[in-house]
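[1] Provide a 3D model corresponding to the input given below.
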Amino acid sequence: YYLGILLYMAGRMAEGRQWWHQAGERDSSHSAVYRSIGWVTWRKDEDPRAALSWYQQAMERRPDDYRLYTDVDQIKAQLGHGPRERLAALQAAPDSVRSRGAIVARMAQFHADLGEYDAAVVLLNSRRFDPWEGATALRLTYLDAHLGKGDQLFDAADFAAARACYARACEYPISLGVGR
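    Next up, the predicted model:
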C-alpha cells in the first residue's frame, strides 16, 4: 500500500494504483486501500458511481472513519442525491461518526434544507464547532435555520416569536467557532 502511495505521489500513478489493488488482494481489511482507489476514481477518473463502490468497501472495513462519510456525502451530492437521502445515510452512521463536527454541521444543513428548522437549531446548539478559518457554511446554516423558522412563524402570524428568531439570526454564537 505504502509503495503505491509513493509511486502515485511521484507521478507514477498507474503503478501506484496497481500496488493498491495488489495490497487489497493481500489484505482486504485495510480500509485506506479502498479509500485511495475510491478517491482516485472519483477525483482523477471522474467516475463518482465507481468511486462510491470503493468508498463503501472502505466503510465496511472502517465504519468509524468520519472522513469516509464526508467524502461519500460529496459523491452522493455530485450524483444528485437529495438532502433527505444524504441525511438518512449520516443518521445511520455510528455514534462516533455522528458526533464529529463536520457530520453534525452537514446534518444541520440537511435539516434546514428540508425545512426542519427546529432540528437544525438543536444540532447547531449541541456542540462547539471548530471550522477551518474562513469557512462560512456553518454560519449560513445557522442563518438558514433561524430565518427559515422565523418565516414559518411569521406565516403563522406568530410575530413575536418570528421576531425572536430573526434577532437570533443576527447573533454569532461562540459555539460556531471561527467567524464574524
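
[2] just checking, what packs against the strand or helix carrying residue 20?
    Using DSSP states H and E, residue 20 maps to helix 13-26. The contact analysis (3 or more Cβ pairs under 8 Å, 6 or more residues apart in numbering; DSSP states H and E) places helix 13-26 against helix 2-9, helix 31-43. C-beta coordinates here come from the backbone N, C-alpha and C atoms, glycine included.

[3] what comes up buried for that helix?
    Within helix 13-26, the residues that count as buried by 16 or more other Cβ atoms under 10 Å are 16, 17, 19, 20, 23, 24.

[4] the closest residue to the third one other than its chain neighbours: how many residues sit nearby?
    Meaning residue 19. Excluding its sequence neighbours, the residue lying closest to residue 19 (Cβ to Cβ, 6 or more residues apart in numbering) is residue 4, at 3.3 Å. Residues near residue 4, counting by other Cβ atoms under 10 Å, number 24.

[5] before we move on, what about residue 40?
    18.

[6] I figured it was touching residue 18, is that so?
    No - using Cβ atoms under 8 Å, residue 40 makes no contact with residue 18, being 11.8 Å away.
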